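Colleague: Below are the sequence and a predicted model; questions follow.
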Amino acid sequence: MASLGIDGLVSGLDTTTLINTLMKSEAVPQTILKNKATAGQALIAALQGLNSRIADLATQAATVAKPGSLSLFTSTSSSAAVKVTTASGAVAGSLDVVVGATASAKTAVTAAMTAWPDSPATLTFVSASGTTTEVTAASSSLDDVVKAVNASKSGVSAVKVASGKDASGVVQYRLQLTSATTGADGGFDVYRGSKADVDAGTAPDLLTQPGAAVISQARDASITLWAGTSAEQVVTSGSNTFTDLLPGVSVTVSAVTTDPVHLAITRDNTATTKVATDLIAGVNAALGLISSKSASTSSTTSTGTTTVTAGVFGGNATTRDLTQKLTDAVLSPIDGRSPSTIGISIDAKTGQFAVDESKFAAALAADPDRVQATMSAIAERVAATSTTASDKYDGSLTRVITGQQSVVKDLNDQVSNWDDRLTARRASLQRTYSALETSLSALTAQQKYITSQLASLSTSSS
């Protein structure tokens, strides 16, 4: 509140400065509350940052904990006609294949026509497995026929293709029919007429009519293994991909080959080691964040006074407990074996966890199943610890954040209440000093009057 302009009217006092000084003293409790609220908000921000980091670590660890997370391989093919991909469960190995055929769908065209001969048009499709599907269009319009075929469950799609003009100059069209899937199972026959007509043998085969043609037959892809030996074997697939030709290995062919194509699948030690190092780096990052936020800092003023400020996590039981649990998750033995047997330990120089890549690769080559089991166990423990801390409903960090937010809200409410109290106190002081000046003014006037009266009496006596 601004000064009422009562400075020194009678007393000569600097009442504005005096009131401001008194108000600073009065505001000390509010200042303490503000500092606590600021510190609480800083703790909330730091905990939220840590909670996000721990949640990311939980997701990463859960991925590493899955069986086969270390089953990473590189694959090579001696020909661009054959592509190799690996998935979980893959194993190292090699194989020679000869591509005998690629998969294809059946495609056929009808004879040219301006409209369907019957109204409404009725077609019957017979699949390679003998399933019969009758399709009836809304009219003899070729557009309606295409629409009806595409809406049916025949497994065949249709499209109208322009095919010149007839003798009278009217544009003609053919219906191009294509099976929805490749492979021998995608084969079909199509007849003009109903299912009953087909059963009776009176429905004409549309694809044997004059002008009709089969453009390509439905065909499986095929490859030959161990070609030229007594173990030669032909493997077929309805698509161009042969799944699990080797465990976890799929092969996709795109062209016929005459010579054998050599396929090789080898363990990718670099990628596998990176899975381990990335997980350990994630743990180090989380622990490093806790450590940096827990460390005290000191500052020295120009007068030589040193002030030590505790870190925002200093003395925080939740972060201290999390540090211990993450450390145990990484270093505790698995089935009586220390993680150091596969190269995971604490670096004596940095104090952080580290992966000895050479030792890890050697352990992987000697016993990949044990390395996988060890890494999965470590990852499971890290994931469990991280999830317990960061769960958005009941995580230990989440609960602390929620509690601190409640504390800060209460502190801010108290600060707001103090604003009203201090405003009232300033007004009271201003009224007090204003009344003082008024009283002093009255006393001064009275003094002047008495003095003047005494002076008059003295003059009269003389």
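Modeller: Ah, there it is. Residues are numbered from 1 along each chain as shown.

Colleague: switch to C-alpha atoms for all contacts and neighbour counts from now on
Modeller: Noted.

Colleague: Can you tell me the element residue 361 falls in?
Modeller: helix 357-366 (DSSP states H and E).

Colleague: chain center to that helix: distance?
Modeller: Centroid separation for helix 357-366 versus its chain: 31 Å, with Cα atoms, centre = their mean, to the nearest Å.

Colleague: and residue 133, what does it touch?
Modeller: 124, 125, 126, 153, 154, 195 (Cα atoms under 8 Å, 6 or more residues apart in numbering).

Colleague: So the fourth one: helix, strand or coil?
Modeller: Recorded secondary structure, residue 153: coil (DSSP: H, G, I helix; E, B strand; the rest coil).

Colleague: Quick one: residues contacting the closest residue to residue 267 other than its chain neighbours.
Modeller: Residue nearest to residue 267 in three dimensions, not counting chain neighbours: residue 73, with 4.3 Å by Cα to Cα, 6 or more residues apart in numbering. For residue 73, the contacting residues are 86, 90, 91, 92, 265, 266, 267, 268, 269, by Cα under 8 Å, 6+ apart.

Colleague: Select only the buried ones of the residues you listed in ChimeraX?
Modeller: Command for ChimeraX that selects the buried part of these, burial taken from 16 or more other Cα atoms under 10 Å:
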select :86,90,91,92,265,267,269
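
Colleague: In strands, which of the contacts of residue 73 appear?
Modeller: Counted as lying in strands by DSSP state E, out of the contacts of residue 73, are 86, 265, 266, 267.

Colleague: With distance to residue 442 and pLDDT as extra columns, can I get those residues in TSV?
Modeller: Putting those into TSV (distance: Cα to Cα, whole Å; pLDDT from 0 to 100) gives the following:
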residue	distance to residue 442	pLDDT
86	102	89
265	107	94
266	106	92
267	103	88
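
Colleague: Next, format the residues you listed as CSV and append distance to residue 65.
Modeller: Shown next, in CSV, are those (distance: Cα to Cα, whole Å):
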residue, distance to residue 65
86, 19
265, 24
266, 22
267, 19
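
Colleague: from these, which single one is nearest residue 381?
Modeller: residue 267 (26.2 Å; Cα to Cα).

Colleague: Check the gap between the closest one and residue 369 for me.
Modeller: From residue 267 across to residue 369, the span is 13 Å (Cα to Cα, to the nearest Å).

Colleague: name the element the nearest residue to residue 133 once chain neighbours are set aside belongs to?
Modeller: The shortest distance from residue 133 to any non-neighbouring residue, by Cα to Cα, 6+ apart, is to residue 125 (5.1 Å). Secondary structure from DSSP H and E places residue 125 in strand 122-127.

Colleague: mind listing what that strand pairs with, with the direction of each?
Modeller: Strand pairing for strand 122-127, using DSSP bridges, gives strand 132-136 (antiparallel), strand 188-192 (antiparallel).

Colleague: so which of those strands gets nearest residue 400?
Modeller: Smallest distance to residue 400 across the strands paired with strand 122-127 (Cα to Cα): 65.3 Å, for strand 132-136.

Colleague: helices or strands up against the lowest-mean-pLDDT helix or strand in the chain?
Modeller: One helix or strand of the chain scores below all others by mean pLDDT, DSSP states H and E: strand 306-309, with a mean of 76. Helices and strands touching strand 306-309, by 3 or more Cα pairs under 8 Å, 6 or more residues apart in numbering; DSSP states H and E, are strand 297-300.

Colleague: by contact count, what packs against the strand it packs on?
Modeller: For strand 297-300, the elements it packs on are strand 306-309, judged by 3+ Cα pairs under 8 Å, 6+ apart.

Colleague: Which helix or strand lies directly C-terminal to the strand it packs on?
Modeller: Assigned by DSSP H and E, the successor of strand 306-309 is helix 317-331.
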